[in-house]
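> Give me a 3D structure for the following:
(chains A and B)
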Amino acid sequence: AQTVTQSQPEMSVQEAETVTLSCTYDTSESDYYLFWYKQPPSRQMILVIRQEAYKQQNATENRFSVNFQKAAKSFSLKISDSQLGDAAMYFCAYGKGGSEKLVFGKGTKLTVNP
Amino acid sequence: NAGVMQNPRHLVRRRGQEARLRCSPMKGHSHVYWYRQLPEEGLKFMVYLQKENIIDESGMPKERFSAEFPKEGPSILRIQQVVRGDSAAYFCASSPNEKLFFGSGTQLSVL
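As a prediction, this is how the structure comes out:
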């Protein structure tokens, strides 16, 4: 069975600095997708970034980028120029190709200090 | 273009009562997914439905839980005879293709 592990229950960063959140996963599939979701206190699940496993190029969305290491099954999220609004729970998730049945990690709580 | 709508946002039930959670997917989406988030945990898949069909219910508890997505109207997640362990946030999501859009969830509290 696929598993997703987030080894950092909590992280903190100073405003305007850069922070990296870790995620590892386990799968025997070759066709899959990886995601980072943000969950602020409002509870809304917001898609931050998505990576197709077949793409070697790391996905980027403005200040958010990933370091996808397929062989190591690692998928870390880098947040540059951190803002107070980035404070939230961040969940890493895995999805098999062709399916929206996602497996989530337990999350990392990010605090941004002014 | 409204997002995925869930109601109620908060639901309080006493042990033994029934809970009904509603979800309307985004316009044009005909696939609905339900996930449950226990305290201090990530979301866990429960069930995947298309209109009038349950496609995958491998994450649903075997008893007391059921889901439907009728031809007309919202998808319903029904929990009969609730127990304290059912207290959680229940999320609905809809999808066009391998990209899930989530609702804001229903927080169920069982007293």
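
> Can you name the residues that contact the residue of chain B found nearest chain A?
Using Cβ to the nearest Cβ, the single residue of chain B nearest to chain A is residue B:42, 3.3 Å away. No exception for glycine: its C-beta is placed from N, CA and C like everyone else's. Applying Cβ atoms under 8 Å, 6 or more residues apart in numbering or on different chains to residue B:42 gives the contacts A:4, A:91, A:93, A:104-107.

> let's see it at 10 Å
Residue B:42 makes contact with A:4, A:6, A:37, A:39, A:89, A:91-93, A:102-107, B:35 under the criterion Cβ atoms under 10 Å, 6 or more residues apart in numbering or on different chains.

> Then residue B:13?
With Cβ under 10 Å, 6+ apart, residue B:13 has these contacts: B:19-20, B:79, B:81-83, B:86-87, B:108-111.

> just the buried members of those residues?
Using 16 or more other Cβ atoms under 10 Å in any protein chain shown as the burial test, the contacts of residue B:13 include B:19, B:79, B:82, B:86-87, B:108, B:110 as buried.

> Okay, and the beta partners of the spatially most central residue of chain B?
With distances taken as Cα atoms, centre = their mean, the residue of chain B nearest its centroid is residue B:34 (4.0 Å). Taking DSSP bridges as the rule, residue B:34 bridges to residue B:47, residue B:92.

> likewise residue A:67?
Assessed by DSSP bridges, residue A:67 has beta-bridge partners residue A:76.

> I'd like the next helix or strand past the helix-or-strand element of chain B with minimal mean pLDDT.
Lowest by mean pLDDT, DSSP states H and E among the helices and strands of chain B is strand B:101-102, with a mean of 90. Following strand B:101-102 in sequence order, the next helix or strand is strand B:106-110 (DSSP states H and E).

> right, is that following strand up against chain A?
Yes - against chain A, strand B:106-110 shows contacts by Cβ under 10 Å from any Cβ of the partner chain at B:106-107.

> Using CSV, write out every CA atom in stretch B:69-80.
As requested, the backbone C-alpha atoms of stretch B:69-80 are provided in CSV (Å, rounded to 0.1, in the frame of the first residue of the first chain):
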residue,chain,number,x,y,z
PHE,B,69,-25.0,10.8,-5.2
PRO,B,70,-28.5,10.9,-6.8
LYS,B,71,-29.3,12.0,-10.3
GLU,B,72,-30.6,15.2,-8.9
GLY,B,73,-29.4,17.0,-5.8
PRO,B,74,-26.3,16.9,-3.7
SER,B,75,-24.2,14.0,-2.5
ILE,B,76,-25.1,12.8,1.0
LEU,B,77,-22.8,11.1,3.5
ARG,B,78,-25.0,9.5,6.2
ILE,B,79,-23.8,8.2,9.5
GLN,B,80,-26.3,6.3,11.6
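
> OK, contacts around residue A:73?
A:3-5, A:23-27, A:34, A:53, A:94.

> Please pick the buried ones from the residues you listed.
Listed as buried from the contacts of residue A:73 are A:4, A:23-25, A:27, A:34, A:53, A:94; burial here means 16+ other Cβ under 10 Å.

> circling back to that earlier point, give me the subset of the contacts of residue A:73 that also touch chain B.
Restricting those to those touching chain B (Cβ under 10 Å from any Cβ) yields residue A:4.

> Quick check: the farthest pair among the contacts of residue A:73?
Distance extremes for those: the farthest pair is A:5 and A:53 at 17.1 Å, using Cβ to Cβ.

> for chain A, what are the nearby residues on chain B?
Near chain A, when you scan chain B using Cβ under 10 Å from any Cβ, you find B:3-4, B:9, B:31-33, B:35, B:37, B:40-48, B:55-56, B:58-59, B:89, B:91, B:93-107.
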